[in-house]
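Asks: here is my input, please return the structure:
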Amino acid sequence: MGRFLLTVAAFLVLVTAVTALKCYVCDGTEDDCKKSTLEGDKTKYLIECGKGYNKCMREFKNDSTPVVKNSCSNKHDCYQATIGCGQCKVSCCDEDECNVGSHVSFNVFLLAVCFALGLALLM
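Replies: Sure, this is the predicted structure:
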């Protein structure tokens, strides 16, 4: 039973890793790229990131007019944007649709797999 659960969990993790990441893209004012706007028109703002993109990024620059940019990114570019940011905020995440705003998100699927593995190890 334990090996079966481990095999299923490994398969599901591999299948999840193979699918392309989906991120919101938007470049404009804070009002242009707010959560309700992005989620309200996913056909316009939600894209499937290409190869080499494993992060969703959201940049907020607080100049005279606050500017927001949502995009696909990768680990290196997220790091560079974070350290090169003066008066701005950069957040990067690696789950589908996670760059919609400043909210805490978690992967329910991963949580379920960990729970199942924990139970299997206890038996």
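Asks: which stretches in the chain count as helices?
Replies: Counting by DSSP state H, the chain forms helices over residues 2-18, 35-40, 42-45, 75-83, 108-122, given from the N-terminal end onward.
Asks: list the buried residues for the third one?
Replies: Of the residues in helix 42-45, those buried by neighbour count under the rule 16 or more other Cβ atoms under 10 Å are Y45. In short, each C-beta sits where N, CA and C put it, glycine included.
Asks: now what about it, what contacts it?
Replies: Contact partners of helix 42-45, identified using Cβ atoms under 8 Å, 6 or more residues apart in numbering, comprise Y24, V25, C26, T37, L38, N70.
Asks: contacts only, for C56.
Replies: Counting by Cβ under 8 Å, 6+ apart, the residues that C56 touches are 21, 23-24, 49, 70-73, 92-95, 97-99.
Asks: actually S64, not the one I typed
Replies: By Cβ under 8 Å, 6+ apart, the contact list for S64 is empty.
Asks: for it, give me the pLDDT.
Replies: Reported pLDDT at S64 in the predicted model: 80.
Asks: from N70, how far off is it?
Replies: For S64, the distance to N70 under the criterion Cβ to Cβ, to the nearest Å works out to 21 Å.
Asks: again, but for A20
Replies: Spatial separation of A20 from N70 under the definition Cβ to Cβ is 16 Å.
Asks: of the two, who's got more company?
Replies: Here A20 and N70 are set side by side on neighbour count (other Cβ atoms under 10 Å), and the busier one is N70, at 24 against 14.
Asks: bridging residues for the more buried one?
Replies: With DSSP bridges as the criterion, N70 is bridged to C26, R58.
Asks: quick one, what contacts the residue nearest to K22 when sequence neighbours are not counted?
Replies: Among residues not flanking K22 along the chain, D96 sits closest, at 4.4 Å (Cβ to Cβ, 6 or more residues apart in numbering). Contacts for D96 were tallied using Cβ under 8 Å, 6+ apart; they are L21, K22, C23.
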